[in-house]
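# I would like the atomic coordinates for the input below:
(2 chains)
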There are 2 protein chains.
Amino acid sequence: MASFLHTTTRPWAEVEQMLASGDVRGKLAKDDLPTPALCVDLDALTANIGKMANYAQRNGRALRPHGKSHKCSEIARLTLAAGAAGACSAKLGEAEAFAAAGIESVLVTTPMVGRHRVERAVRLAGRMADLILVVDHAENADDLNAAAAAAGVQLTVALDLNVTNRTGVAPGPDAVALAEHITRLPHLKLKGIQAYAGHASHVIGFAERTASSQAAMAPAIATRRALEAKGIPCPWLSGASTGTYNIDGEMDGVTELQPGSYLFMDLDYAGIGSPNGERFDDFAHSLTVLSTVYSMPGREQAILDAGLKSFATDTPFAPQVRGIDGCRYTFAGDEHARLDVRQASSPVQLGDRLELVIPHCDPTVNLYDRIFATRGEQVEAVWRIDARGMSA
Amino acid sequence: MASFLHTTTRPWAEVEQMLASGDVRGKLAKDDLPTPALCVDLDALTANIGKMANYAQRNGRALRPHGKSHKCSEIARLTLAAGAAGACSAKLGEAEAFAAAGIESVLVTTPMVGRHRVERAVRLAGRMADLILVVDHAENADDLNAAAAAAGVQLTVALDLNVTNRTGVAPGPDAVALAEHITRLPHLKLKGIQAYAGHASHVIGFAERTASSQAAMAPAIATRRALEAKGIPCPWLSGASTGTYNIDGEMDGVTELQPGSYLFMDLDYAGIGSPNGERFDDFAHSLTVLSTVYSMPGREQAILDAGLKSFATDTPFAPQVRGIDGCRYTFAGDEHARLDVRQASSPVQLGDRLELVIPHCDPTVNLYDRIFATRGEQVEAVWRIDARGMSA
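Sure, this is the predicted structure:
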């Protein structure tokens, strides 16, 4: 068995200094990274970004990738460079982080209800070119209007439409009444409608998913038409997830797509099917967790250093070892995992470094402070996940 | 319905400045906190700390609370002030964070195997008074010895004994052979044995849990005796979890207890039973997540701002609303939860702030950057979770 001391390629002090400064390009190997490490493959990420951008452009839709997936301004910037109209954020804190990084157009996809949220949102609107807020209650519209008046600003708002039994005003008359209310408030400007059919995104089978998303989105599109019939301009309707980008993106009336997971792809999305079959492989798995075997209590199992503090566990899927078939991963506590290696297609040994494909990317990203951007065996950049933990 | 704008007690800019400076005492109310917020009740925390410290003292055991639960140097310091012998950390990164905060005695409970880990561990040993490492493979002991020799330091190590089918050397002859190997290495000093029977910690029913922990720990105690029979001093045997503190703490041969969850308590531990019945209420729930109702799509349900990025989801339990009975919480995505309020014992309204008891504390703490230490309705301190995310 090899010594674990003498296989290092460079001293830790040097690695640590590179990680701190971010100056890694051409110097740092993936093999030098402390594990568990969250890694994104730049070729796969760039391909995913390009593919979605091309789809949106070909179909005449704006693209606003959801920042709740990556929480990383560097990645938001890559999507903007590829033609995105802006970013989404789920929470105000994420939008504040993106604004601090110079991103100028952000749609915050949840309502600004709660202590200080209106005040913070108005302040943020004064700091960025294009902040879009969503509203689902008239009282909240009143609050936003009053705060905007006090600050002497104009706020851009959209109706948050409830098409997935979560937040939002009901489509139809309730939504029209809220829109009419907003148009009477001098400091609010109505941009249009947000309709995110989250329940449709993971429906298995393309035909079934299409039916689910169409049923959810039809009332949103009808609400848009109803507003325009009343003379209330509604030029914007934002929806779609990674699972429904090529469903909602074909609908007459949807103007903007807000998918996020396509950037990374995960095991949850991989199984939802596509027009071509059971796999959904429109996008590649770009994100992995690098882990080390740090104990081998017997020949049958390896203990890894990435447990349930290294992966979100809300899906029924377990992380999958890339490049070795027949390994079965099970969580073995907060910091450990157990890998059954009896059927492994190649030997697994103490000190080995394994790459794990992620069950559910969004909440997994939220566990890490940085993403290592790799190309082949090299680390090209260290990106801070600057909106990590910004759930407030 | 109340306006959400005008119910704030002070401007956000003031709150933000207090949160940044940490100067909150006597000024900041719990009601001012942005949500979701992780809060610890100081009275409950202090009582938990005192109760475990008293137990250990009465039973003549050292107490070394596990820092993987709190990841917060401020809390480690509170336990030290109450008589703890030191802290545990699961990972080297946590130990580095505790050392940077001035904590002088840390046991790292997992082996130092993997790129740069030996080198980092040796460096850390040079920076703190009392670092204890664990070893479960002879090759790793050789690596540690060689690195310690090169650095001119002496390392304190313990056998990591596999009593829970995870990391560790097998009790009995294998362990004795590893101990003999270590005693021949001039730069390692053998402190004793770590035997953590993780599988016993959550066994339901006190009698069943006692049987499970006794079966797991007997080989560890026998190994200790075998070492001493060979003339290898073994004055230290560290074990026990929150679930087994008063089981292992009664065993002849166990010298140190390393529980962590007792500081906070969670729903998972609450149901394991005690000598007094079905509830395990030796310690109080001190940790909660404060959340806001930010949408009410109907009278039957409230949408909360704390979803699966705000709670670890590895247990079958859902967060529980404190102070209102009959609410059923279900996750509704990364950032949202749905609260069924049809049977709620008091009305739940838009903008309400609810306190949620946590299913599994350790990985939930790892989602947050700070803990708000509260007493009644006041925030007394803001503690940085300085070892958060330090899984490498």
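
# Quick one: distance of stretch A:345-352 to the chain centre.
Distance of stretch A:345-352 from the chain centroid (C-alpha atoms, centre = their mean, to the nearest Å) equals 33 Å.

# What residues sit buried inside that stretch?
Across stretch A:345-352, burial judged by 16 or more other C-beta atoms under 10 Å in any protein chain shown covers A:V348, A:L350, A:G351, A:D352. C-beta coordinates here come from the backbone N, C-alpha and C atoms, glycine included.

# CA atoms of that stretch as PDB?
Below are the C-alpha coordinates for stretch A:345-352, written out as PDB (Å, rounded to 0.1, in the frame of the first residue of the first chain):
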ATOM      1  CA  SER A 345     -15.400  -2.700 -11.500                       C
ATOM      2  CA  SER A 346     -11.900  -1.600 -10.400                       C
ATOM      3  CA  PRO A 347     -10.200  -1.900  -7.000                       C
ATOM      4  CA  VAL A 348     -10.900   0.800  -4.400                       C
ATOM      5  CA  GLN A 349      -8.100   1.400  -1.900                       C
ATOM      6  CA  LEU A 350      -7.300   3.500   1.200                       C
ATOM      7  CA  GLY A 351      -6.400   7.000   0.100                       C
ATOM      8  CA  ASP A 352      -8.200   6.800  -3.200                       C
END
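
# right, is that stretch up against chain B?
Yes - Stretch A:345-352 reaches chain B (C-beta under 8 Å from any C-beta of the partner chain) through A:L350, A:G351.

# got it, and stretch A:361-376?
Yes - residues of stretch A:361-376 contacting chain B under C-beta under 8 Å from any C-beta: A:D362, A:P363, A:N366, A:L367, A:Y368, A:D369.

# among the residues you listed, which ones are buried?
Among the residues of stretch A:361-376 next to chain B, those classed as buried by 16+ other C-beta under 10 Å are A:D362, A:P363, A:N366, A:L367, A:Y368.

# possible to save those as JSON lines with pLDDT?
Output for these, formatted as JSON lines (pLDDT from 0 to 100):
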{"residue": "A:D362", "pLDDT": "97"}
{"residue": "A:P363", "pLDDT": "98"}
{"residue": "A:N366", "pLDDT": "98"}
{"residue": "A:L367", "pLDDT": "98"}
{"residue": "A:Y368", "pLDDT": "98"}
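
# Mind splitting chain A into its structural domains?
Chain A breaks down into these domains under automatic domain parsing: A:12-41+A:282-384, A:43-266.

# Check the ones you listed for me and report the most buried one.
The highest mean neighbour count among those, using mean count of other C-beta atoms under 10 Å in any protein chain shown, belongs to domain A:43-266: a mean of 21.

# Would you mind naming what in the stretch 51-200 of chain A lies close to chain B?
Residues of the stretch 51-200 of chain A lying near chain B (C-beta under 8 Å from any C-beta): A:68, A:90-91, A:93, A:110-111, A:113-120, A:123, A:136-137, A:139-140, A:142-143, A:146-147, A:160, A:162, A:165-170, A:198.

# quick one: which of those sit in helices?
Mapping those onto helices (DSSP state H) picks out A:68, A:93, A:117-120, A:123, A:139-140, A:142-143, A:146-147.

# could you dump those residues to CSV with pLDDT?
Listed next are these as CSV, based on pLDDT from 0 to 100:
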residue, pLDDT
A:K68, 98
A:G93, 98
A:R117, 96
A:V118, 96
A:E119, 95
A:R120, 97
A:R123, 97
A:E139, 96
A:N140, 96
A:D142, 97
A:D143, 96
A:A146, 97
A:A147, 96
